[in-house]
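Trainee: mind folding the following:
(one chain, ligands or ions: 1)
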Amino acid sequence: MLIARYEIDGQIHYGKLEENSLKRCSGSPFATSALSGDVDRLDSVRLLCPVEPPRIFGAGLNYVSHIEEMKLKRPTVPLLFMKPTTAAIGPNEPIVYPREGKEVHFEGELAVIIGRRARRLRENEALDAVFGYTCANDVSERVIQRVEMSMGHLLVGKAYDTFCPMGPVIATGLDPNDLLLETRVNGKVRQSVRTSDLLFSVVELVTYISQATTLLTGDVILTGTPSGIGPIVPGDVVDITIEGVGTLRNPVVAEPSH
Ligand code: MG
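Mentor: Next up, the predicted model:
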């Protein structure tokens with residue numbers, strides 16, 4: 001099932017996407033699968049980030065090929081960071097290239113959407129706490145990131161407003177362990193990998209995080225990016241496609257000067 005969050009006539013709804021129509025949910029899809037009976041045409045709505053400004057956990061260095069291209073050591077536990085909720089944007093919204101930006105990179109990623117409160121999950125319970133999956137772009141400013149990481153921390157390089165596009169929909173019922181993930185910049189393929197190459201699997205990430213902190217409904221876990229990362233500049237268009245989910249497209253624009 002594909003679930004979209006969208007705006008029409010100034011109202012925000014969730015809807016079940018079927019062909020080119022959206023069957024409105026009668027409430028939060030995290031709480032009920034009931035439909036209201038209303039139907040909206042896909043081309044008459046504005047798709048939004050599929051979850052309300054969420055908590056965003058990110059896993060770094062979680063594909064071996066990416067660890068090698070970054071010339072970094074393989075983590076022995078998931079290398080986690082957080083992105084502020086204000087980084088989240090939806091499909092077609094612009095990624096704003098910040099004034100301080102020198103080397104802004106795209107990172108195509110599979111994002112896990114948590115479906116319920118959960119703490120201290122066992123591995124065999126982890127997928128029960130997952131509602132579904134979407135595409136995400138863990139946009140990163142590498143110069144700032146490298147300075148931060150040289151001092152053993154990471155926040156600002158990942159944290160600028162608009163640095164976490166997500167969408168276009170949440171796909172439920174997917175097996176996350178072997179999905180094709182592709183990133184294109186201006187139509188050219190830059191990343192193409194299967195999620196079977198993840199170092200820490202979705203089950204391992206969800207289980208690990210839940211030992212420390214209560215996962216909340218709508219939380220997002222970015223599972224890391226594969227090799228092929230590279231720069232984006234204003235004027236570019238980034239497409240991230242995940243098998244079974246769809247394509248997340250965002251243009252890049254420059255932040256206006258003072
Ligand atoms: Mg990343």
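Trainee: mind listing what whichever residue of the stretch 51-200 of the chain sits closest to the ion touches?
Mentor: Nearest residue of the stretch 51-200 of the chain to the ion, counting by Cβ to the ion: residue 138, 3.4 Å away. No exception for glycine: its C-beta is placed from N, CA and C like everyone else's. Contacts were defined as Cβ atoms under 8 Å, 6 or more residues apart in numbering; by that measure residue 138 touches 58, 83, 107, 109, 158, 163-164, 222, 225.
Trainee: centroid-nearest residue for the protein?
Mentor: Of all residues in the chain, the one closest to the mean position by Cα atoms, centre = their mean is residue 136, 2.6 Å from it.
Trainee: go ahead and confirm it touches residue 165.
Mentor: Yes - Residue 136 lies in contact with residue 165 (Cβ atoms under 8 Å); the separation is 6.8 Å.
Trainee: just list whatever residues bridge to residue 250.
Mentor: Here residue 250 sits in beta bridges with residue 238, as judged by DSSP bridges.
Trainee: list the contacts for it?
Mentor: 89, 91-95, 137, 165, 237-238.
Trainee: out of these, which end up buried?
Mentor: 89, 91, 93, 95, 137, 165, 237-238 (16 or more other Cβ atoms under 10 Å).
Trainee: so which two of those residues are the farthest from each other?
Mentor: Distance extremes for the buried ones among the contacts of residue 250: the farthest pair is 89 and 237 at 14.3 Å, using Cβ to Cβ.
Trainee: and the longest helix for this protein?
Mentor: helix 202-212 (DSSP state H).
Trainee: please flag which of the buried ones among the contacts of residue 250 sit within strands.
Mentor: Among those, the members found in strands (DSSP state E) are 89, 95, 137, 165, 237-238.
Trainee: can I assume residue 184 sits in a strand?
Mentor: Yes - applying DSSP: H, G, I helix; E, B strand; the rest coil, one finds residue 184 inside a strand.
Trainee: for it, list each beta-bridge partner.
Mentor: Bridge pairing for residue 184 - DSSP bridges - gives residue 189, residue 239.
Trainee: and if you look at residue 141?
Mentor: residue 104.
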